[in-house]
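Q: from the sequence below, what's the structure:
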Amino acid sequence: MKLIDLLAKEVRASANYNSNVQVAPSVILWIDKQRHWESALPLLQAAMPELIVLGDYAPKQKTGPAIWIKCVVDGALSEIELPTDRTPIVYLPGIERRDLRAIATCPEALMPLAELQYRGSWWIYNNSRRRFARSSRLLSRTSFSTRNIACWLLSSLATSRPTPPLSEVKKAFTVQSRPELL
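A: The predicted structure is shown next:
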């Protein structure tokens, strides 16, 4: 399995829900205030055909303004086809959760997306219940996993940060905490 596949699996898992007490989320909101993942968008969109991006109108790249995204998510635009077996993922570069949470102060350009938070889910890193960022403490001495390493390494590649050899990464995360690697 490739690193990008592990990341896609992690993001898609945000749509998991308990059908006994919930309805399926209609969208996964992926916020990225500091735009860590923006440079990897072509790679991400190739791996996740359900990924839609907030930005300038470019429908062939599945990118557009908030109102366009809402129409795509709701299936109102026939020219944009998303996989029917997957929950749409909306990548929001430069946006943080609180930009959408406070609807009264939400920027007008984002208002069409504000209601999606109530019928969707956020991509949140499961162990810490905080959104995933490359600077998050993803791993500790007891939480080493291939998935965590994959997400961390992929974010390194996306941000052009130097990536140490995998053997050094494994040692750092299984033996001791090394914040300088994050």
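
Q: alpha carbons of stretch 25-32, as CSV, please.
A: Output of stretch 25-32 as CSV, limited to C-alpha atoms (Å, rounded to 0.1, in the frame of the first residue of the first chain):
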residue,chain,number,x,y,z
PRO,A,25,-22.4,12.4,6.9
SER,A,26,-23.0,14.1,3.6
VAL,A,27,-19.5,15.6,3.4
ILE,A,28,-16.1,15.5,5.1
LEU,A,29,-14.7,18.9,5.8
TRP,A,30,-10.9,19.1,5.7
ILE,A,31,-9.6,22.3,7.1
ASP,A,32,-6.0,23.5,6.5
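
Q: list the contacts of it.
A: 11-12, 14-15, 17, 37-38, 73-74, 87-97, 100, 113, 116-117, 119-123, 131 (CB atoms under 8 Å, 6 or more residues apart in numbering). C-beta here means a position set from N, CA and C on the backbone, and glycine is covered the same way.

Q: quick one: which of these sit in helices?
A: Mapping those onto helices (DSSP state H) picks out 11, 12, 73, 97, 100, 113, 116, 117, 119.

Q: now the third one: how far from residue 97?
A: The reference is to residue 73. 18 Å (CB to CB, to the nearest Å).

Q: what are the ranges of the helices in the protein?
A: With DSSP H as the criterion, the chain has helices at 3-12, 41-47, 66-73, 97-101, 111-114, 116-119, 146-158, 166-175.

Q: lowest-confidence stretch among these?
A: The minimum mean pLDDT among those belongs to helix 166-175 (a mean of 51).

Q: from what I can see residue 53 touches residue 65, true?
A: No - applying CB atoms under 8 Å, one finds residue 53 not in contact with residue 65, separated by 10.6 Å.

Q: looking at these two, which is more packed in?
A: A count of neighbours by other CB atoms under 10 Å puts residue 53 above the other of residue 53 and residue 65, at 21 against 15.

Q: which residues does that one form a beta bridge with?
A: residue 63, residue 91 (DSSP bridges).

Q: got a list of what it touches?
A: Residue 53 neighbours (CB under 8 Å, 6+ apart): 41, 45, 61, 62, 63, 64, 90, 91, 93.

Q: same thing but at 7 Å, please
A: 41, 62, 63, 91 (CB atoms under 7 Å, 6 or more residues apart in numbering).

Q: give me the distance between residue 22 and residue 120.
A: Taking CB to CB, one finds residue 22 at 12 Å from residue 120.

Q: which one's more surrounded, these two?
A: Taking neighbours as other CB under 10 Å, residue 22 and residue 120 compare with residue 120 leading, 21 against 10.

Q: where's the dip in pLDDT among the contacts of residue 53?
A: Pick the lowest pLDDT in the contacts of residue 53 and you get residue 41, at 89.
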